[in-house]
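A.B. asks: Okay, structure incoming, though there's no sequence with it:
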């Protein structure tokens with residue numbers, strides 16, 4: 001689920017989705033704004049599997065757990081390296 005495997009396509013792995021999230025998260029953005037940007041990014045890929053919202057939320061949770069993103073005043077931001 002976190003990493004791709006023989007039963008999970010690489011573009012469905014949470015780390016891949018998290019990478020998409022970090023790629024579109026240039027500055028502060030709402031969750032819905034990031035969702036739309038990730039959907040647009042993935043729609044440009046050939047043979048990309050559909051991304052359900054629950055997988056998107058799981059990827060956000062993973063990024064938050066590893067302290068890659070922060071939530072301030074309902075806006076997501078990349079966490080700066082310390």
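C.D. replies: Good, I have the coordinates. Not measured: the values here are computed from a predicted model.
A.B. asks: Distance check, residue 59 against residue 71.
C.D. replies: Distance from residue 59 to residue 71, counting by CB to CB, to the nearest Å: 14 Å. To be clear about C-beta, it is placed using only N, CA and C from the backbone, and glycine gets the same treatment.
A.B. asks: Looking at those two, which is more packed in?
C.D. replies: residue 59 (23 against 12; other CB atoms under 10 Å).
A.B. asks: quick one, phi psi at that one?
C.D. replies: Phi and psi for residue 59, reported as degrees, to the nearest 10, are phi -70, psi -40.
A.B. asks: residue contacts, it?
C.D. replies: By CB atoms under 8 Å, 6 or more residues apart in numbering, the contact set of residue 59 is 14, 17-18, 20-21.
A.B. asks: Now it: closest residue in space that isn't a chain neighbour?
C.D. replies: Closest residue in space to residue 59, ignoring its immediate chain neighbours: residue 17 at 3.9 Å, by CB to CB, 6 or more residues apart in numbering.
A.B. asks: you'd agree the one you found is up against residue 55?
C.D. replies: Yes: here residue 17 reaches residue 55: they are 6.2 Å apart, a contact under CB atoms under 8 Å.
A.B. asks: the more surrounded of those two?
C.D. replies: Comparing residue 17 with residue 55 by other CB under 10 Å, the one with more neighbours is residue 17, at 21 against 16.
A.B. asks: where's that one, which helix or strand?
C.D. replies: Per DSSP states H and E, residue 17 falls inside helix 14-24.
A.B. asks: any idea of the mean pLDDT in that helix?
C.D. replies: Helix 14-24 shows a mean pLDDT of 96.
A.B. asks: The strand or helix carrying residue 58: how far from the chain's middle?
C.D. replies: If you go by DSSP H and E, residue 58 is part of helix 53-65. How far helix 53-65 lies from its chain's middle: 7 Å, per CA atoms, centre = their mean, to the nearest Å.
A.B. asks: ok so, going back, can you tell me which of the contacts of residue 59 has the largest number of neighbours?
C.D. replies: Of those, with other CB under 10 Å as the count, residue 21 tops at 25 neighbours.
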